[in-house]
Each structure stands twice: as C-alpha cells, then as structure tokens.
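S.K.: Fold the following and give me the result.
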Amino acid sequence: MSSAIDEIIAGREPGGHEQPAHHRYVVTVFGLYGRPSGKAIPVAVLVRLLSELGYEPTSVRSSISRLKKKGVLISRKAGSASGYALSDELEPHMLAGDERIFSPRTAGIADPWLLVSYSVPESERKNRHKIRAGLARMGFGNVAPGLGIAPVRAQAEALEYIREHDLWPYVDFFVSEPVGFGDLRLKVAQWWNLDALEGEYLSFVQAFGALNERWLGYVREDPETLREAFKVYVPMVTQWRRLPFLDPGLPPELLPAEWQGIAARRVFSDLHRVLKPLSARYVEEVIRTLS
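M.R.: Coordinates of the predicted model:
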C-alpha cells in the first residue's frame with residue numbers, strides 16, 4: 001500500500017513535477033469522481049474526459065497502466081463495460097486528503113509544535129530519503145539535518161506515513177512549545193522556504209484568479225457550460241491539491257505581510273463552490289452517454 005500512496009503524493013515538493021500533467025489529471029478525476037474508493041469508471045469515460053483536457057488515449061491508458069501497477073487502481077466492471085476503480089484500501093488516505101485540500105486549517109500562534117527527529121545509517125540512505133521526502137510532502141520544515149517541524153495537527157498523518165513505510169526504528173516524535181526570547185517569525189522563515197511556497201500560491205492566483213469574475217454567480221447549465229466547467233475545475237483542483245500539503249497551515253502571525261496564500265485560498269474556495277456541481281453534472285452526463 002505504501003507504493004500506492006507514494007504514487008498519489010508524488011510531486012508535492014515545491015517544483016516537483018515529475019509526473020506528467022495527464023497522469024496527475026487521471027489521479028484527480030478518480031479522487032473527485034471515483035469515490036468512495038471502489039467506484040468504477042469505464043475506460044471509455046476516462047479517455048473521453050481526458051480528451052477534453054487535450055490528451056491522447058495512448059497517454060491516458062499509459063497512466064492508467066502505471067497506476068494499476070502501483071496498486072492505486074484496480075480493474076473493475078462498470079456495468080457491462082471495462083473500467084477501473086481506486087483501491088478500496090486507499091479510502092482512509094483519500095478522506096484525509098479531502099480535509100487538507102478542501103478544508104485546510106490554520107494553526108494558532110499558541111498551538112504546540114511537532115518535532116520529528118530521525119537518524120539513519122549511511123548504509124540505509126534509501127530510508128533516509130523516504131523520511132525526508134515524506135516529511136517535505138506533508139509540509140514539514142527543516143530545523144536542522146535530521147530534525148523536521150510542523151504544527152502539531154500534522155501528527156496523525158506523519159505517524160501513519162512512518163507506520164506505512166516501516167520506518168519506526170529511525171524516528172522519534174516530540175510535541176513541544178518554544179521558550180526563550182528567539183524571534184519565532186524569523187525562525188519560521190529559516191525552517192520553511194516561504195518564498196518558494198508563496199511563488200506557488202501566486203502562480204495559482206495568476207492562473208485562476210481572473211476566472212472568478214466569469215464564473216461567480218453563473219446560473220446557466222447548458223451542456224457547453226457544464227463542459228467548460230469541467231475543463232476549468234479538474235486542472236484547478238490538480239494544481240491546488242499540492243499546495244495544502246506544502247503549506248502546513250502556519251499561524252498567520254508568523255507569515256509575511258500580504259501572504260499570497262490567503263488570496264489563493266479565496267480563489268479556490270469561490271471557484272470550487274461554483275464549478276464543483278457543474279463539473280460533476282458533466283461527468284455524470286458523459287458516463288450516462290458512454291455506459
């Protein structure tokens with residue numbers, strides 16, 4: 001199961017786009033419309049939906065094959081048609097992801113912090129990479145080599161990651177609070193690459209912010225509108241779903257003034273509210289037509 005989860009979360013690090021766009025879109029489509037896990041989507045529907053986003057059937061089938069090999073997808077009949085579904089065992093992970101993606105929370109300035117200390121022998125450097133990469137993908141900052149930090153609400157997800165990858169021999173967890181007279185705001189800017197994170201938020205605002213005026217308050221639901229909503233919504237969710245994992249929800253008092261994350265969350269929330277039902281109706285219509 002760890003390889004399946006790794007495949008879903010790959011590419012979360014800032015600048016980490018090792019998965020091609022069509023592959024990430026397939027994951028998004030299953031995350032949005034193949035739920036709860038185990039709900040089958042016909043192959044013809046997947047090919048049609050991704051064609052609307054500009055991708056050839058061969059690329060889509062290649063991504064499906066990889067996801068099946070990694071254990072993310074399983075073959076399952078969709079009525080009389082061949083289809084695929086998310087592995088049933090992924091549902092707890094997907095539910096946790098839903099909370100982060102669609103309902104991100106911000107830590108309070110008085111909340112405790114989670115410290116994760118790890119030490120791995122050089123002969124097992126592969127496990128060191130798993131720990132370091134996993135913490136980065138969950139939004140942890142780096143206090144020092146072998147010492148990660150995040151708001152304490154990251155504890156459950158971090159514990160699950162360490163358990164799934166059998167990394168307990170190398171890791172210790174501590175819940176703590178800062179003491180002394182150090183400037184925590186300055187420290188946070190050292191532990192996290194806030195410039196890179198803000199750049200990710202700014203890219204999202206630049207890509208989707210101008211669409212607010214077009215879609216907010218939109219009431220038409222003709223077929224072309226539903227199709228256009230899908231073509232905006234899936235790429236938007238795909239770009240957005242990385243960001244709440246890179247951003248651990250740091251207290252606003254510790255972030256730079258005019259933090260772009262606030263504007264990005266507003267853009268996502270507004271468009272999500274309008275586009276989600278329209279896009280879902282389009283997918284339902286494609287399923288009805290091709291099934």
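S.K.: Tell me the buried residues in stretch 266-283?
M.R.: By 16 or more other CB atoms under 10 Å, the buried positions in stretch 266-283 come out as 267-268, 270-272, 274-275, 278-283. No exception for glycine: its C-beta is placed from N, CA and C like everyone else's.
S.K.: before we move on, what about stretch 167-185?
M.R.: For stretch 167-185, by 16+ other CB under 10 Å, it's 167, 170-171.
S.K.: model confidence over stretch 70-78, on average?
M.R.: The predicted model assigns stretch 70-78 a mean pLDDT of 92.
S.K.: so how far is that stretch off the chain centroid?
M.R.: 20 Å (CA atoms, centre = their mean, to the nearest Å).
S.K.: Work out for me the element Gly217 sits within.
M.R.: In this assignment (DSSP states H and E), Gly217 forms part of neither any helix nor any strand.
S.K.: tell me the contacts of it?
M.R.: Val274 (CB atoms under 8 Å, 6 or more residues apart in numbering).
S.K.: before we move on, the earlier item: between the buried residues of stretch 167-185, which is nearest Ile9?
M.R.: The closest of the buried residues of stretch 167-185 to Ile9 turns out to be Leu167 (CB to CB; 15.3 Å).
S.K.: correct me, but that closest one touches Arg128?
M.R.: No - counting by CB atoms under 8 Å, Leu167 stays clear of Arg128, with 9.6 Å between them.
S.K.: Touching both of the two, which residues are there?
M.R.: Tyr118.
S.K.: Low-confidence bits of this structure, can you list those?
M.R.: Within the chain, the set of residues satisfying pLDDT under 70 comprises 1-2, 10-19, 181, 218-219.
S.K.: Helices along that one, start to end?
M.R.: Using DSSP state H, the helices of the chain run over residues 2-9, 21-33, 43-52, 57-69, 91-102, 125-137, 155-164, 184-191, 194-208, 211-215, 223-240, 243-246, 260-290.
S.K.: how about CSV for those helices, with distance to Pro252 added?
M.R.: Shown next, in CSV, are the helices of the chain (distance: least, CB to CB, whole Å):
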stretch, distance to Pro252
helix 2-9, 26
helix 21-33, 28
helix 43-52, 38
helix 57-69, 37
helix 91-102, 18
helix 125-137, 22
helix 155-164, 21
helix 184-191, 11
helix 194-208, 13
helix 211-215, 22
helix 223-240, 20
helix 243-246, 15
helix 260-290, 8
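S.K.: wait, which of those is closest to Gly83?
M.R.: Short answer: helix 43-52, nearest of those by CB to CB, at 6.0 Å.
S.K.: what sits up against the closest one?
M.R.: Here helix 43-52 has contacts from 22, 25-26, 29, 57, 59-61, 64, 78, 81-84, 227, 230-231, 234, 283, 286-287, 290-291, using CB under 8 Å, 6+ apart.
S.K.: Which PyMOL command selects the buried ones in these?
M.R.: In PyMOL, this line selects whichever of the contacts of helix 43-52 come out buried by 16+ other CB under 10 Å:
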select buried, resi 22+25+26+29+59+60+64+78+83+84+230+231+234+283+286+287+290
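S.K.: residues touching Thr289, list them.
M.R.: Thr289 touches nothing, counting by CB under 8 Å, 6+ apart.
S.K.: Just want to check the distance between it and Tyr84.
M.R.: Shown here: Thr289 relative to Tyr84, a distance of 19 Å by CB to CB, to the nearest Å.
S.K.: For Ile109, which non-adjacent residue is spatially closest?
M.R.: With sequence-adjacent residues excluded and distances taken as CB to CB, 6 or more residues apart in numbering, Ile109 is closest to Pro251, at 4.4 Å.
S.K.: picking that back up, return the member of the buried residues of stretch 167-185 nearest to Leu95.
M.R.: Nearest member of the buried residues of stretch 167-185 to Leu95, counting by CB to CB, is Leu167, at 22.7 Å.
S.K.: Got phi/psi on that closest one?
M.R.: With angles defined as degrees, to the nearest 10, Leu167 sits at phi -110, psi 10.
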